[in-house]
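Asker: my questions concern the predicted model and sequence given below.
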Amino acid sequence: MNFSIIWVALFVLMLALVLVGFLMFLLFQKSRTIRYERRKESYREKLKPVVQQVVLSGEEGHPRLIQNERIVYEVLSELLEELTATLKDPFVKMRVNSFAQWTMTDYYTRLLHHRRFSLRMNALYQIEDFQVQSFQQELWHRYKHKKYKNIAEHYQLMRTLSALGSEELIYDLLDTHEPYPKFLYKEVLRRLSKTDTDRFIDQCDSLPLSLQQAVVEWIGETKDYSRIPFLEERLESDSFELRISLLKVMETFGYVSRHDAVLALATSDYFQERMMVARIAKVTEKERYKSVLVNLLSDANWFVRQAAGGALTVYQDGDMILAHVYETSEDPYARDMAHQWLESEGAVWKS
């Protein structure tokens, strides 16, 4: 019995020592963090006038203040990020990029070769933000020849290279037959100049499907109405995925010039395309869609019927058409959907 009490006491003592040690470790970490933040604030007070002098007025700074120390580079990065976030002047942006090129190149080089993934990614983000063009060749070599355990780093290399306007990357994407995800292609296109994006549009039909979809959806983002003929020409594509992307972009534009190409998809084997025809009818409000919408009220798919009923409500005589369908149609689907929309619209009609 006495031995049991001794063992319990020893266990409690050991547990107390472990807890005390852990608390001391936390206090040490907190104290070190506080000291580091104080040092950063001290450097910030010294470096902020230098950075502002160079970036805002274009005057020369004081190189002796730019010490080769991690904490100094962290402060410089934060100051430059603040300036680019608050000042939209293109000349200021050019001086920020030049200042980063002058002061941060060695630091980014070290980070790119660091074993920690987060530090390498941080370097890529800042090289992109500050447009440090001198890294183009090194990043291209890493993109082309290095294998990555974390695919996110490979993808960020593509974003950074596109932001730097890498010709090598553009040629590679135009020639590659191994597709990347659509979302990544769209992020690349958003970073390229108009001249470069035009090259992807010109060669669109020979690109991987995910890149073709990205080009189409990127055109939708830019609201470039001059590209509507380009979109309509591809509605006869053999790819269902591409046709859906095209129809969604046309819906966002709210304009179609080749209505026959859209109406041809009202009898598609895919309910998504039939639904998109109804949604395009809703935003274009063309008379020629009315009979098609009435037919789609009898579609086997609820989403198509729902879209067709919603589209008819935007037409001036839409409630009358829905009431007529409800009163005369022999199709229970059509009658039910017409009734739902008439009730939701609060229309005055006689059953």
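Answerer: Alright, I've got the coordinates.
Asker: could you use CA atoms for every contact and neighbour count after this?
Answerer: Noted.
Asker: spatially nearest residue to Asp205, not counting backbone neighbours?
Answerer: Closest residue to Asp205 apart from its sequence neighbours, by CA to CA, 6 or more residues apart in numbering: Gln212 at 7.1 Å.
Asker: who are the contact partners of that neighbour?
Answerer: Shown in contact with Gln212 (CA atoms under 8 Å, 6 or more residues apart in numbering): Cys204, Asp205, Leu242.
Asker: counting neighbours, which of these comes out on top?
Answerer: For the contacts of Gln212, the largest number of neighbours (other CA atoms under 10 Å) sits with Leu242, at 21 neighbours.
Asker: that one reaches Gln213, doesn't it?
Answerer: Yes: proximity of Leu242 to Gln213 meets the contact threshold set by CA atoms under 8 Å, at 5.7 Å.
Asker: in helices only, show me the contacts of Gln212.
Answerer: Leu242 (DSSP state H).
Asker: could I get the contacts of Gln212 as CSV with distance to Ile321 and pLDDT?
Answerer: What follows is the contacts of Gln212, written out as CSV (distance: CA to CA, whole Å; pLDDT from 0 to 100):
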residue, distance to Ile321, pLDDT
Cys204, 42, 95
Asp205, 41, 94
Leu242, 33, 97
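Asker: which element is the spatially most central residue of the chain on?
Answerer: Using CA atoms, centre = their mean, the residue of the chain that lies closest to the mean C-alpha position is Glu187, 5.7 Å off. Assigned by DSSP states H and E, Glu187 belongs to helix 182-191.
Asker: got the buried residues for that helix?
Answerer: Residues of helix 182-191 classed as buried by neighbour count (16 or more other CA atoms under 10 Å): Lys182, Leu184, Tyr185, Lys186, Glu187, Val188, Leu189, Arg190, Arg191.
Asker: what distance do you get for the third one to Arg234?
Answerer: According to CA to CA, to the nearest Å, Tyr185 stands 19 Å off from Arg234.
Asker: roughly how far does the residue nearest to the centre of the chain sit from Tyr155?
Answerer: Noted for Glu187: a distance of 10 Å to Tyr155, by CA to CA.
Asker: that older thread, for the helix holding Glu187, packing partners?
Answerer: On a contact count with 3 or more CA pairs under 8 Å, 6 or more residues apart in numbering; DSSP states H and E, helix 182-191 meets helix 151-163, helix 209-222.
Asker: tell me what the top helix by length along the chain is packed against?
Answerer: If you go by DSSP H, the chain has its longest helix at helix 2-57. Packing partners of helix 2-57 (3+ CA pairs under 8 Å, 6+ apart): helix 70-86, helix 90-112.
Asker: reformat the ones you listed as JSON lines; add mean pLDDT and distance to Leu246.
Answerer: As requested, the helices and strands packed on helix 2-57 are exported to JSON lines (pLDDT from 0 to 100; distance: least, CA to CA, whole Å):
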{"stretch": "helix 70-86", "mean pLDDT": "84", "distance to Leu246": "35"}
{"stretch": "helix 90-112", "mean pLDDT": "87", "distance to Leu246": "35"}
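Asker: highest mean neighbour count out of those?
Answerer: Highest mean neighbour count of those: helix 90-112, a mean of 18 (counted as mean count of other CA atoms under 10 Å).
Asker: for the residue lying closest to the residue nearest to the centre of the chain once chain neighbours are set aside, which residues are in contact?
Answerer: In this structure, Glu187 finds its nearest non-sequential neighbour in Arg159, 6.8 Å apart by CA to CA, 6+ apart. Arg159 is in contact with Glu128, Glu187, Val188, Arg191, counting by CA under 8 Å, 6+ apart.
Asker: pLDDT below threshold where in the stretch 201-350 of the chain?
Answerer: Under the criterion pLDDT under 70, the flagged ranges of the stretch 201-350 of the chain are 345-350.
Asker: what are the boundaries of the helices in it?
Answerer: Secondary structure of the stretch 201-350 of the chain by DSSP state H, counting those that start in this stretch: the helices cover 209-222, 228-233, 240-253, 259-263, 271-284, 290-296, 302-312, 318-328, 332-345.
Asker: list the buried residues in the third one.
Answerer: When burial is assessed from 16+ other CA under 10 Å, helix 240-253 yields the following buried residues: Leu242, Arg243, Ile244, Ser245, Leu246, Leu247, Lys248, Val249, Met250, Glu251, Phe253.
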